[in-house]
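Sequence and computational prediction follow.
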Number of protein chains: 2
Amino acid sequence: MIKADVFPTIDDKTAREEGTVFAPNFDAHGLLPVIVTSAATGEVLMFAFMNAKALALSLETGEAHYWSRSRESLWRKGETSGNRQRIVEMRTDCDQDALWLKVEMTGSGACCHTGRKSCFYRVVTPGKDESAAPSLVLVDAERQFDPKAVYGHAPAAKRNLKTS
Amino acid sequence: MIKADVFPTIDDKTAREEGTVFAPNFDAHGLLPVIVTSAATGEVLMFAFMNAKALALSLETGEAHYWSRSRESLWRKGETSGNRQRIVEMRTDCDQDALWLKVEMTGSGACCHTGRKSCFYRVVTPGKDESAAPSLVLVDAERQFDPKAVYGHAPAAKRNLKTS
């Protein structure tokens, strides 16, 4: 197993940006933002965070693991819903403080806990005149599964957590 | 102008996830993570943060503005490099705590301060055996511009900042 504490740190800017050493730059909370897209369609599916353990497990198993900030726990994507993510490609950015995962969904193919393929099912639409607030327009919002059937009628406190 | 303080907050989970009111859920630091993709190719170009002011300016002008955490200042993308971003579409996610921007690049078309089209020009590649650390492989790493020519030979302290 790749141990969570094996990730090196790089202080030199050029080495971090141009080099081939993977040195993920976790934030003050020990987290790394992760962009997840569909390897098949290119669509952005979700946004989440990994800590070092989640990243190590993702690399080791080839399946996406995250850190749930609301539950404060490691989260194997699809643990409850069966909609898991096989990592097809993982990239890092110039300063190595973000990741981009291209994934293949298993199960129903829905990534979002609301039952949609993607969490990004609403477009921010400017108001009709300058003073008006923007609103949201639903797009690609068909549900692939019924969240109640998958997650059950959880108590209110639990319903505030993302569990997909 | 859309004032930064006009964004409402929504406490009800169903209203936040299913409704049409745009109520961006800024984090404890007043920031919102932003995924930026190319409207033309679908490629992920960069990852950044917006505060309320940057979001209001982005909506008002149709050009991407961010909050630079390293410089602690508002950052109009392309201010220095001329590689600006025209927002083609803005989406928010289920719990409204992240944004996805589809943009059209102006200027050289390069988004990254290193001169590349995308900041994600390196693939994280697993080690050859289980105990080996992953390394980075450069892909799509051709420079579209010479960063030294664009940003000049800035002093070391300034070179640590992303200025694109």
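Done, it's in.

what about residue A:146, neighbour count?
Residues lying near residue A:146 (other CB atoms under 10 Å in any protein chain shown) number 9. C-beta coordinates here come from the backbone N, C-alpha and C atoms, glycine included.

same thing with residue A:109?
Residue A:109 has 13 nearby residues by other CB under 10 Å.

My guess is it contacts residue A:81. True?
No. Between residue A:109 and residue A:81 there is no contact under CB atoms under 8 Å: 10.9 Å.

Roughly how far does residue A:103 sit from residue B:82?
Using CB to CB, to the nearest Å, residue A:103 is found at 35 Å from residue B:82.

more neighbours, the two?
residue A:103 (23 against 13).

How about the more buried one: what's its closest non-neighbour residue?
In space, and not counting its chain neighbours, residue A:103 is closest to residue A:85: 4.0 Å by CB to CB, 6 or more residues apart in numbering or on different chains.

Quick one: residues contacting that neighbour.
By CB atoms under 8 Å, 6 or more residues apart in numbering or on different chains, residue A:85 lies in contact with A:36, A:63-64, A:77-78, A:101, A:103-106, A:111.

any idea of the mean pLDDT for stretch A:151-164?
In this model, stretch A:151-164 carries a mean pLDDT of 54.

okay, and for chain A, where does confidence drop off?
Scanning chain A with the threshold set as pLDDT under 70 gives A:1-5, A:153-164.

okay, which residue of it is out on the far edge from center?
In chain A, the residue that sits farthest from the middle, by CA atoms, centre = their mean, is residue A:129; the gap is 34.8 Å.

quick one: that one from residue B:31, how far?
Residue A:129 is 28 Å from residue B:31, where distance means CB to CB.

From the chain's centroid, how far away is the one helix or strand residue A:137 maps to?
Assigned by DSSP states H and E, residue A:137 belongs to strand A:135-138. Mean-position distance between strand A:135-138 and its chain equals 22 Å (CA atoms, centre = their mean, to the nearest Å).

which strands and helices sit next to it?
Under the contact definition 3 or more CB pairs under 8 Å, 6 or more residues apart in numbering or on different chains; DSSP states H and E, strand A:135-138 sits against strand A:122-125.
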